[in-house]
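>>> Everything below, folded, please.
(chains A and B)
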Amino acid sequence: MMKSGNLFVKVCLSLILLVIPLLSAVHVEETGAFTAQVIQHGATGEDVIELQSRLQYLGFYNGKIDGVFGWGTYWALRNFQYEFGLKVDGLAGATTKLKLANASEYHEGFVKRNIQKGKKFTHYGGTPLEKQTQKGKAPAKKPSGQGGKAQPKQQKPKQGKNVPSGYSENDIQLMANAVYGEARGEPYVGQVAVAAVILNRIESTSFPNTISGVIFEPRAFTAVADGQIWLTPNEQAKKAVLDAINGWDPSNGCIYYFNPDTATSGWIWTRSQVTQIGKHIFAK
Amino acid sequence: MIRTILITILAIAVIGTGYWGYKEHQEKNAILINAENNYQRAFHDLNFHIDALEEKIGTTLAMNSRQQISPSLAEVWRLTSEAHNDVGQLPLALLPFNKTEEFLTKIGEFSYRIAIRDLEKDPLSKDEYATLGQLHKNATEIKNELRNVQATVMKENLRWMDVELALATENDPMDNTVINGLKTVDKSVEGYSEVNWGPEMTKISEFEDNKYKALSGKEITKQEAKNLAIKFLKLDKNSKVIVEENGKGSPYEAYRISVNEPKSDSNIYLEMTKKGGHPTWILEDRNVEDAKISLYQGREKAEEFLNKHAMDKMEMSTSDQYENIGIYTYVKKQDDVRIYPQTVTIKVALDNGDIIGYEGMNYLIGEKDRKITTPAISQKEAQGKLNPKLKIMETHQGIITNDLGEEVQCYEFLATMGNETFRIFINANTGMEERVKKLDDPNTPVNSM
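As a prediction, the model looks like this:
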């Protein structure tokens, strides 16, 4: 923080120079950066990458530059706002972005290249860029690579993704597999309901307490028994899982569902039914 | 000559096929035996854990001092969880073994609750002793019956794979020695339902019905529901609307409405309570294009929606962008206190800012008269209860439902330690640390792919 006094003077000067000739609408373009959006907690995308890079340049942000506006970014932004005498609200609006852009540099090419290659890198001001990136190839294929940073097979730049609190990307993938195997071809709301049943079973006292425990419980899901769970799920199945995790439950708390045409167990009919969605009857 | 060659080739082919078939058969057997062994292990483990459970509850009954009872009940809790796990590995998902599992969970919850309590201040009550005694009796019965099944399984060399097969092929799979035995176990557990678990554990079942009655407004008909839906969703006149009633198993009476809107080629589903016609949830299924508006603009849309539908004062608690979709959670605010039991979730399509989902079940059934009181301890005092290594970033007040299912008024702290962020609730009247939660940060992935 030793430099911040110096910076502050610089920023003030440049601000004065900038603000006088400009109307508020032009601010954003003049920063040569950031789109016009107000960036808030939970956002993802290029603006967030830039925000994190610039905050790191000034030493406020020490986390990974991945384009996901999480808590680390939030506190960094608030600290920046506090130090620069702005309103501390954790929102990157026009004024904040302008101050930030003027106070920092953003080596866009460097940052994007590294994200794309999946390399570890930092973006601190005052240190040459070459020293801030990992030497050699990305650790994608090393089996004992540095903790959980292995790359998926994607051509797209590896930007971070939001995952609902308490779940990992793997959990969502596993559930999407189950939902796709069990309910592809069903209406969307029926897929959400199937995902909700899995979650309800985890909550229920009569079933295992983990996602994998519920899904792989012997004889619980036909898609597991006949291997259809290993089909590659489509985007819709994943969306259905996200909706269920985020609280939607079209089954109203059911822990069973069955297809009346193919159900072999007579017992399932004795459960009290809530509703039918597509081909599935949902029951408690 | 040719004949000899042909015969030789055929002979080799026959022998080869035979050998191959034999190998296949062997492999299949090996896999079957492997699967069978896994089932057997789970079943025998279950017996072992129930044995241990029974014994542990028995010894706890004889204990008197806090230092002994607490760890002993913690052990009971652990054993129930193990036993529960074992049951989960057996192919019983579609069999009536749920009562036993439920029973196990309840013993677990009961013992956990007492194990974490400060028994010095608040020793075991008479009723709780009686409950524990009753539990011991029940556990003994379960143990004996399971042992009977175990003995039969071993004596008659019964295999779980046969149970699997019976379940897979027969229409009425109940006619199998193992299944019959387990059915008897489950039947006997059914009789235990009158065990007095204490006030907190019965709450949940009473809860729903009462809440439903508390909803405002009078019962509406199918037609009225349809009209309300059209108005609420501002639907095109040409939309196809189907209204159905929920089945008997639903926790509350409601209509399920599905709409096909030809104009935007979307399907909308919603549920509306019969009483008062309140929407409980809405889901719209349509193709969402690439994001054109920001998460922040989506938030403005969500808040517009909340205002239009005259919700109470709400405050955004979380917002997350999933590529082209924004999900926002709002929590009710009363006298500047966040009411966490009452939340709504709103889903906004970030291509054009439409609301494509709403979830308000908690909000509806959580509605009640709450008195916000002046806290007995000050914010400073509450702060003193926090781990001194934490750096406090934000402070609020909020009501949460604690582990015992009671609503408590708390100070809410957002604090950081190193790179981690925590949300901590300190009871505003007793100073007790009610809940500590580490907030996930996608920047520090735990086990992403």
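>>> What number of residues are in the vicinity of the residue nearest to B:K274 when sequence neighbours are not counted?
Ranked by CB to CB, 6 or more residues apart in numbering or on different chains and with sequence neighbours excluded, the top spatial neighbour of B:K274 is B:E253, at 4.1 Å. No exception for glycine: its C-beta is placed from N, CA and C like everyone else's. Using other CB atoms under 10 Å in any protein chain shown, B:E253 has 13 neighbouring residues.
>>> Contacts only, for B:E253.
B:E253 is in contact with B:Y212, B:E245, B:N246, B:T273, B:K274, B:K275, counting by CB atoms under 8 Å, 6 or more residues apart in numbering or on different chains.
>>> A:A103 contacts A:L58, doesn't it?
Yes - using CB atoms under 8 Å, A:A103 is in contact with A:L58, at 6.1 Å.
>>> Break down chain B into its strands, ranges please.
Using DSSP state E, the strands of chain B run over residues B:240-245, B:254-261, B:266-273, B:279-285, B:314-322, B:325-334, B:337-349, B:355-359, B:391-401, B:407-417, B:420-427, B:433-439.
>>> Mind putting those strands into a markdown table with mean pLDDT and distance to B:N64?
Below are these laid out as a markdown table (pLDDT from 0 to 100; distance: least, CB to CB, whole Å):
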| stretch | mean pLDDT | distance to B:N64 |
| --- | --- | --- |
| strand B:240-245 | 88 | 56 |
| strand B:254-261 | 89 | 52 |
| strand B:266-273 | 90 | 51 |
| strand B:279-285 | 91 | 50 |
| strand B:314-322 | 90 | 46 |
| strand B:325-334 | 93 | 45 |
| strand B:337-349 | 92 | 38 |
| strand B:355-359 | 93 | 49 |
| strand B:391-401 | 92 | 33 |
| strand B:407-417 | 91 | 31 |
| strand B:420-427 | 90 | 30 |
| strand B:433-439 | 84 | 29 |
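>>> Put together a markdown table for these, with distance to A:D261 and mean neighbour count on each row.
Output for those, formatted as a markdown table (distance: least, CB to CB, whole Å; neighbours: other CB atoms under 10 Å in any protein chain shown):
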| stretch | distance to A:D261 | mean neighbour count |
| --- | --- | --- |
| strand B:240-245 | 19 | 14 |
| strand B:254-261 | 21 | 21 |
| strand B:266-273 | 22 | 22 |
| strand B:279-285 | 24 | 23 |
| strand B:314-322 | 35 | 20 |
| strand B:325-334 | 34 | 22 |
| strand B:337-349 | 33 | 23 |
| strand B:355-359 | 30 | 22 |
| strand B:391-401 | 41 | 16 |
| strand B:407-417 | 45 | 20 |
| strand B:420-427 | 47 | 20 |
| strand B:433-439 | 44 | 16 |
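>>> What is the nearest of the contacts of B:E253 to B:N227?
Distance ranking of these against B:N227, using CB to CB, places B:K274 first at 14.4 Å.
>>> tell me the pLDDT at the closest one?
Looking at B:K274, its pLDDT reads 89.
>>> got a list of what it touches?
B:K274 is in contact with B:E219, B:I220, B:A225, B:E245, B:Y252, B:E253, B:A254, B:Y255, counting by CB under 8 Å, 6+ apart.
>>> Dump the strands of chain B into CSV; add distance to B:E367 as well.
CSV is the format used below for the strands of chain B (distance: least, CB to CB, whole Å):
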stretch, distance to B:E367
strand B:240-245, 23
strand B:254-261, 16
strand B:266-273, 12
strand B:279-285, 13
strand B:314-322, 13
strand B:325-334, 9
strand B:337-349, 7
strand B:355-359, 15
strand B:391-401, 13
strand B:407-417, 13
strand B:420-427, 22
strand B:433-439, 22
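>>> of the ones you listed, which approaches A:I39 most closely?
Nearest of those (CB to CB): strand B:314-322, 10.2 Å.
>>> Which elements pack onto the closest one?
Applying 3 or more CB pairs under 8 Å, 6 or more residues apart in numbering or on different chains; DSSP states H and E, we find strand B:314-322 packed against helix B:295-308, strand B:325-334, strand B:337-349.
>>> partners of it, with directions?
strand B:325-334 (antiparallel) (DSSP bridges).
>>> does B:N352 really touch B:K292, like I thought?
Yes - at 7.1 Å, B:N352 counts as touching B:K292 under the criterion of CB under 8 Å.
>>> Which residues are in contact with each of these two?
What both B:N352 and B:K292 touch, as defined by CB under 8 Å, 6+ apart, is an empty set.
>>> so what's the residue nearest to B:M393 when sequence neighbours are not counted bridging to?
Using CB to CB, 6+ apart and skipping the chain neighbours, the partner closest in space to B:M393 is B:L414 (5.0 Å). Taking DSSP bridges as the rule, B:L414 bridges to B:E394, B:R423.
>>> ok, B:K248 - contacts?
Contacts for B:K248 (CB under 8 Å, 6+ apart) come out as A:S272, A:Q273.
>>> And the pLDDT at residue 170?
Just so you know, I chose chain A. For A:N170, the predicted pLDDT is 82.
>>> think we crossed wires, I meant chain B
59.
>>> Where in chain B is the helix or strand with the lowest mean pLDDT?
Least confident helix or strand of chain B, by mean pLDDT, DSSP states H and E, is helix B:199-214 with a mean of 50.
>>> And chain A, by the same measure?
For chain A, judged by mean pLDDT, DSSP H and E, that is helix A:27-30, with a mean of 39.
>>> number of nearby residues for A:L86?
What A:L86 shows, counting by other CB under 10 Å, is a neighbour count of 16.
>>> The closest residue to it other than its chain neighbours: helix or strand, and which one exactly?
Residue nearest to A:L86 in three dimensions, not counting chain neighbours: A:T96, with 5.7 Å by CB to CB, 6+ apart. Using DSSP states H and E, A:T96 maps to helix A:94-103.
>>> Name the residues of that helix that are buried.
Applying a neighbour-count criterion of 16 or more other CB atoms under 10 Å in any protein chain shown, the buried positions in helix A:94-103 are A:T95, A:T96, A:K97, A:L98, A:K99, A:L100, A:A101, A:N102, A:A103.
>>> Kindly report the same for stretch B:116-135.
So, applying 16+ other CB under 10 Å, buried residues of stretch B:116-135: B:R117, B:L119, B:L124, B:E128, B:T131, B:L132, B:L135.
>>> ok, the residue in the stretch 1-150 of chain A that chain B sits nearest to - contacts?
Distance from chain B to each residue of the stretch 1-150 of chain A (CB to the nearest CB) is smallest for A:Q37, at 3.4 Å. Taking CB under 8 Å, 6+ apart as the criterion, A:Q37 is in contact with A:A43, A:D47, B:I293, B:S294, B:L295, B:Y296, B:Q297.
>>> host element of it?
Judged by DSSP H and E, A:Q37 forms part of no helix or strand.
>>> how about it, phi and psi?
Main-chain dihedrals, A:Q37, degrees, to the nearest 10: phi -70, psi 150.
>>> can you give me the helices in the stretch 101-250 of chain B?
Applying DSSP state H, counting those that start in this stretch to the stretch 101-250 of chain B gives helices spanning B:126-155, B:160-169, B:177-190, B:199-214, B:222-233.
>>> To B:Q409, which of those lies closest?
helix B:199-214 (18.2 Å).
>>> Wait, B:T184 touches B:L146, no?
No - with contact defined as CB under 8 Å, B:T184 does not count as touching B:L146 (9.8 Å).
>>> of those two, who's got more company?
B:L146 (21 against 14).
>>> Which is the succeeding secondary structure element to the least confident helix or strand of chain A?
In N-to-C order, the element after helix A:27-30 by DSSP H and E is helix A:46-57.
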